[in-house]
Structures are given as C-alpha cells and as structure tokens.
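[1] give me a model of this one.
(one chain, ligands or ions: 2)
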Amino acid sequence: MKKYDYDLFTIGGGSGGVRASRFAFQYGAKVGLAEKSALGGTCVNLGCVPKKLMSYAAHYHSDFKDAAGFGWQLGESTFTWADLIANKDREIARLNEIYRETLAKAQVDVMEGHAVLQDAHTVRVDGKGFSKTITAKHILLATGGQPVRPDLPGSELGLVSDDFFHLPALPRHAIIAGAGYIAVEFASILNGLGCQVTLVHRGAQVLRGMDQDLGPFLTKEMEKKGVTFIANTQILNIRADGDGKDSLRHVHLKNGSTLTADCVIFATGRSANTAQLGLSAAGVITRENGSIVVDEHFKTNIDSIYAIGDVIDRVALTPVALAEGMVVASHLFDAGKRKLSYENIPTAVFSHPNVATVGLSEANARLRYPNITIFKSEFKALKHTMSHSTERTLMKLVVDTASDKVLGVHMVGADAGEVMQGMAIALQCGATKAQFDATLGIHPTVAEEFVTMRTPFSS
Ligand code: FAD
Ligand code: NDP
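    Ligands and ions are numbered 1, 2, ... in the order given. Below is the predicted model:
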C-alpha cells in the first residue's frame with residue numbers, strides 16, 4: 001500500500017482550511033497545512049474582524065450625537081485614524097497567535113509558504129528559506145478569494161478592500177464603486193468616521209440579491225447620515241492630478257458627470273484564488289470564473305482533491321466555510337456523519353444601520369409558493385424618541401399562506417445581525433407565524449416587533 005506523508009494536506013489557513021484541519025485531527029488523521037500569508041485568512045486579517053472593529057469605531061460618532069438627548073454634554077471629540085489602525089492590528093496579531101496555538105494543539109504541521117499542486121497527491125511548498133515536496137492521501141484546497149478590480153482606464157489608481165484596512169490616513173472624500181456587502185459597509189465606516197462618501201452603483205438599488213425592501217430602505221437611512229448614492233451608472237475611467245500617491249482622483253462616470261475625491265475604492269466582488277495553484281498539473285476542473293467545481297461531498301473531479309470555502313464560489317460567508325470544513329473532514333475521516341444545508345443561511349450586512357436576513361426574499365417566495373402573506377413594520381425605535389435621530393427601523397416577515405410557515409425574516413435597524421441569529425433558529429425549526437405570535441415579546445425591545453405583527457401588509 002502506498003504511504004503518504006499526511007492523511008490530509010490543506011492549502012490555505014483561513015476559516016475553512018483551519019476548521020477542516022482541526023476536525024480531521026480530531027477524527028484521527030495526520031494533517032499538514034500551508035498558509036502563504038497570515039493565519040486566519042480573509043475573515044481575521046482583511047474581512048469580518050477588522051471590518052467589524054472599524055464599524056464599532058464609526059458608531060461612536062452618532063452615539064455621541066444621540067447622547068445629548070439623554071442629558072449628556074460631551075466636549076469636542078477627536079478621532080485619530082492611526083490609533084484605530086494600530087489597535088485593530090494589535091487585536092488581529094493576537095488572533096493570528098490564537099490560530100497558531102489552536103493548530104499546534106491539533107498537531108497540524110503548519111508550513112508558512114506558497115503551496116502548488118504537483119499532481120493528485122503531491123504539493124510543493126515554497127517558504128522563506130525552504131522548499132518542500134509533500135505527499136498526502138487527500139488534499140484540501142481552501143485558498144479563498146481576492147477582490148476584483150474592474151478593467152478600466154486608471155483602475156490602478158483605485159483601491160480594493162485589502163488596501164482599506166491599512167490606509168495611511170482617513171480620506172476626506174471617498175468614492176466607492178459597488179452595491180454589495182463591502183460597498184455599503186465601507187461607506188458606513190468612512191461616513192461615521194467623518195469622511196464624505198459617494199457610492200456609485202450600476203444597478204437601480206443596493207443589496208440587489210436581498211429582499212426588495214432592504215436596499216431602498218438602507219439607502220434612505222444612509223442618505224440621512226450624509227452618504228451620497230449615485231445609481232444606474234458606472235465608473236468609466238480614473239485620472240490622477242499628478243503621479244504622486246496622494247494626488248486627487250478624478251472619476252469620470254458613464255452618466256457624463258465627473259467626481260473628484262482623494263480615494264476611490266472598488267467593492268465590485270471577489271474571485272476565487274486559483275491562479276498559481278497548479279490546478280492544471282493535477283487536472284482539477286474550474287468554472288470560467290476560476291472557481292473550483294465540487295460535488296456534494298466537496299470532491300473535485302480528482303478523487304484525492306477536495307475544495308471548500310470561497311474558492312468553490314457557493315456562499316462566501318465565514319460560517320459557511322467553517323461548516324463546509326467540518327463536513328469535508330467528517331466525510332473523509334468520520335464516515336460522513338455531518339451534513340450541511342444551504343437553506344436558511346442567516347446573514348448580516350454591518351452597514352449603519354445593519355441589514356440582516358434569513359430565508360426567502362418576498363420575490364423568491366412568490367416564485368416558489370402560490371400564496372404569500374407579508375407582515376411589515378416600519379417605525380422609530382424607542383431610543384430615538386429622545387436621541388432626536390431620525391433613524392427608522394424596518395422589519396418584515398414573509399409567510400406561506402397555506403402552511404403558515406415563516407419563509408423569510410428581514411430587518412434594517414440597529415443590531416439587526418444580533419436579532420437575526422435567533423430568528424434563524426426559528427426558521428431552522430420550521431416555525432409558523434402562529435408560533436411567532438404565541439411567543440412572548442421582550443419589552444421594550446425592537447426585536448419584540450417580530451412577535452407582535454398581526455395585520456398583513458397590503459401594498
Ligand atoms: P480565506 O479565509 O480567504 O482563506 C484562504 C487562505 O488561503 C488565505 O489565508 C490565503 O493566504 C491562503 N492561500 C491562498 N492561496 C494559497 C496558496 N497557494 N498557498 C498557501 N496559502 C494560500 N463573512 C462573514 O460571514 N461575515 C462578515 O462580516 C464578513 N465580512 C467580510 C468583509 C470583507 C471586507 C471581506 C473581503 C469578506 C468578508 N466576509 C465576511 C467573507 C469571509 O471573509 C469569507 O467568506 C471567508 O474568509 C472565506 O474563508 P475561506 O477559508 O474560504 O478563505
Ligand atoms: P458582492 O457580490 O456583495 O457585490 C458586488 C457588487 O459589485 C455588486 O453590487 C455588483 O453590482 C458590483 N459590480 C460587480 N462588477 C462590477 C463592475 N464591473 N462595475 C461596477 N459594479 C460592479 O461583493 P462584495 O465585493 O461586496 O463582497 C464579496 C462577498 O464577500 C459578498 O458577496 C459576501 O458573500 C462576502 N462578504 C460578507 C460580508 C458580511 O457577511 N457582512 C461583508 C463583506 C463581504 P450588481 O449588483 O449590479 O451585480
């Protein structure tokens with residue numbers, strides 16, 4: 001029988017790769033892992049964690065304003081970008097260390113280097129001062145994704161999300177291109193910290209794939225906070241005043257207008273990290289967009305090679321990559337006892353205010369069910385009756401009229417992400433509207449509105 005160095009060799013030490021490696025060890029496998037950058041991957045280093053920390057920072061601006069309504073007189077507040085970035089980096093370095101310790105405890109051999117497939121069972125890892133060739137019975141590709149920079153004249157003058165977390169200073173005026181998660185989250189962070197933000201998007205509304213009410217409601221709320229939205233157009237080209245890094249950017253739009261800012265950020269989607277991975281040497285098939293094709297067990301067309309997370313381009317969220325990691329480890333080393341359903345994946349957009357959702361949008365529910373009942377509530381939260389903020393909250397339930405089953409729960413409002421986690425459990429249990437109604441509220445909260453909506457919404 002052929003002997004390999006490892007039962008499993010994972011390429012990529014991000015959310016999915018680390019979780020799969022740890023679980024494979026728990027199931028008795030000998031595991032190695034290569035990471036070319038920082039342990040923890042996108043989520044820890046250039047995604048969820050730094051973004052959320054910066055989102056907290058941006059919230060203080062409105063919190064200070066709101067405080068006046070409650071009797072607080074605060075002196076003039078000042079914000080120092082360099083302190084935020086340094087403190088955020090310190091926290092991330094701490095998390096990198098925790099990942100290292102966790103992998104060490106799981107006896108995973110970590111190699112800090114770039115890994116390339118040589119064939120179906122062989123990987124070469126090139127790191128600082130070493131080059132190793134490793135064999136493994138199974139290879140797991142968990143290499144994540146990277147931001148896409150549109151192909152247009154002057155696009156190199158724009159930044160992508162990876163750059164955002166280490167900007168040397170807070171921009172005075174930023175133009176953000178895109179209408180997805182990253183565009184509205186970054187717009188909210190910059191706006192909250194005092195930057196003038198213009199968001200340019202090619203479609204009619206932001207957060208296009210979500211329930212139809214969420215994007216327009218969020219736009220109105222963000223406009224009240226001072227963000228400018230320019231819809232139905234695109235950036236044609238970018239020009240800089242000089243050739244210096246700090247010169248102004250002139251952005252020419254398809255609608256004929258020109259905007260000027262000191263920073264342009266592309267938040268125009270991400271693509272799978274599959275270049276320079278040796279996929280063709282091993283014969284692994286990809287889609288046209290570079291993402292890896294896998295079956296229901298996350299197996300590629302090559303029997304010994306598996307792939308999970310952003311690189312397979314299913315649902316690009318950390319909890320999904322984690323779940324896929326656990327499922328693949330279980331499939332390989334624990335008789336496949338773990339399963340994963342892609343139904344009812346809850347998600348939050350950490351814009352100000354938050355957007356959060358689980359289950360079907362109204363439009364998707366109408367495609368799948370003959371009769372849908374909508375419950376909708378829009379109101380000013382108790383807090384803002386005294387803060388003098390004009391922020392409003394939207395809450396919406398999508399219900400199958402025939403079975404009374406709640407199909408979708410949607411919200412725009414403070415802490416919507418926190419509220420939605422509990423709603424996701426209800427949907428996972430197949431809760432009906434009658435069961436929502438039979439649930440007692442927690443008073444006074446915003447969340448209680450989800451169990452007190454009685455009158456169907458008619459447009
Ligand atoms: P990654 O975490 O990207 O890990 C892949 C790793 O592989 C990387 O560390 C990379 O360096 C390494 N690698 C690549 N190629 C090689 C190679 N050849 N050799 C060695 N190593 C290699 N999701 C949420 O759920 N909530 C959020 O709030 C959220 N916010 C986000 C904010 C931003 C700005 C971004 C960009 C993403 C955000 N996401 C969020 C998405 C989330 O970060 C990803 O879905 C998740 O990190 C995917 O995990 P992964 O394991 O597939 O890949
Ligand atoms: P999204 O896919 O969410 O949004 C991409 C946006 O870019 C869309 O609005 C799209 O427009 C627009 N776009 C694409 N190409 C172009 C182009 N050439 N010119 C102009 N606009 C363009 O991607 P993000 O980059 O925002 O985020 C990537 C993924 O990361 C998310 O989908 C999500 O899965 C994950 N993420 C999760 C977060 C969270 O959980 N809170 C936070 C951040 C990211 P259109 O709508 O017209 O297609």
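[2] any idea of the pLDDT on residue 76?
    Per-residue pLDDT puts residue 76 at 87.
[3] so it: helix, strand or coil?
    With DSSP: H, G, I helix; E, B strand; the rest coil as the basis, residue 76 sits in coil.
[4] residue 300 reaches residue 284, doesn't it?
    Yes: counting by Cβ atoms under 8 Å, residue 300 sits close enough to residue 284 to count as a contact (4.9 Å). From N, CA and C alone the C-beta is placed, and that goes for glycine too.
[5] can you work out which residues contact both of the two?
    Common contacts of residue 300 and residue 284 (Cβ atoms under 8 Å, 6 or more residues apart in numbering): 141, 292, 307.
[6] restrict those to contacts with ligand 1.
    When the shared contacts of residue 300 and residue 284 are filtered against ligand 1 using Cβ under 6 Å from any ligand atom, no residues are retained.
[7] now stretch 238-258, how far from the chain's geometric center?
    Going by Cα atoms, centre = their mean, to the nearest Å, the spacing between the C-alpha centre of stretch 238-258 and its chain's C-alpha centre is 29 Å.
[8] buried residues, it. List them.
    In terms of neighbour count (16 or more other Cβ atoms under 10 Å), stretch 238-258 has its buried residues at 238, 240, 249, 250, 251, 252, 253.
[9] still on that earlier bit, of the shared contacts of residue 300 and residue 284, grab the buried ones for ChimeraX.
    Applying 16+ other Cβ under 10 Å to the shared contacts of residue 300 and residue 284, the buried members can be selected in ChimeraX as follows:
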select :141,292,307
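[10] return the set of buried residues in the lengthiest helix in the chain.
    The residue-count maximum for a helix in the chain (DSSP state H) belongs to helix 81-105. Within helix 81-105, the residues scored as buried using 16+ other Cβ under 10 Å are 81, 84, 85, 88, 92, 95, 96, 99, 100, 103.
[11] just these now: which is nearest residue 217?
    For the buried residues of helix 81-105, the closest approach to residue 217 (Cβ to Cβ) belongs to residue 84, at 28.8 Å.
[12] wait, the closest one sits on residue 56?
    No: contact criterion Cβ under 8 Å: residue 84 and residue 56 do not qualify, at 9.8 Å.
[13] spell out which parts of this protein neighbour ligand 1.
    On the criterion Cβ under 6 Å from any ligand atom, ligand 1 has as its neighbours in the chain the residues 11-17, 34-37, 41-43, 46-48, 51, 114-115, 142-144, 161, 182, 273, 277, 309-311, 316-319, 321, 350.
[14] for ChimeraX, write a command that selects the buried ones of these.
    To isolate the buried subset of the residues of the chain next to ligand 1 in ChimeraX, counting by 16+ other Cβ under 10 Å, use the following:
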select :11,12,13,14,15,16,17,34,35,36,41,42,43,46,47,48,51,114,115,142,143,144,161,182,273,277,309,310,311,316,317,318,321,350
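[15] restricted to strands, list the residues of the chain next to ligand 1.
    11, 34, 35, 114, 115 (DSSP state E).
[16] gap between the spatially closest residue to the second one that is not a sequence neighbour and residue 11?
    Spatially, and ignoring its direct neighbours in sequence, residue 34 is nearest to residue 115 (3.7 Å; Cβ to Cβ, 6 or more residues apart in numbering). Using Cβ to Cβ, to the nearest Å, one obtains 4 Å as the distance from residue 115 to residue 11.
[17] flag the shaky bits of this structure, pLDDT-wise.
    Under the criterion pLDDT under 70, the flagged ranges of the chain are 1-2, 244.
[18] in it, what residue comes closest to ligand 2?
    When distances are taken as Cβ to the nearest ligand atom, the chain reaches nearest to ligand 2 at residue 180, 2.0 Å away.
[19] ok, the most centrally placed residue in the chain - contacts?
    For the chain, the residue nearest the mean C-alpha position is residue 317 (5.3 Å; Cα atoms, centre = their mean). When contacts are counted by Cβ under 8 Å, 6+ apart, residue 317 is found next to 345, 347.
[20] separation between residue 337 and ligand 1?
    Counting by Cβ to the nearest ligand atom, to the nearest Å, the gap from residue 337 to ligand 1 is 22 Å.
[21] my read: that residue touches residue 330, true?
    Yes: if you go by Cβ under 8 Å, residue 337 and residue 330 touch, sitting 5.4 Å apart.
[22] in terms of neighbours, single out the busier of these two.
    In this view residue 337 and residue 330 are compared by other Cβ atoms under 10 Å, and residue 330 has more residues nearby, 21 against 9.
[23] how many other residues sit next to the nearest residue to that one once chain neighbours are set aside?
    The shortest distance from residue 330 to any residue other than its chain neighbours is 3.7 Å, reached at residue 338 (Cβ to Cβ, 6+ apart). For residue 338, the tally of surrounding residues (other Cβ under 10 Å) stands at 14.
[24] right, I'll leave it there.
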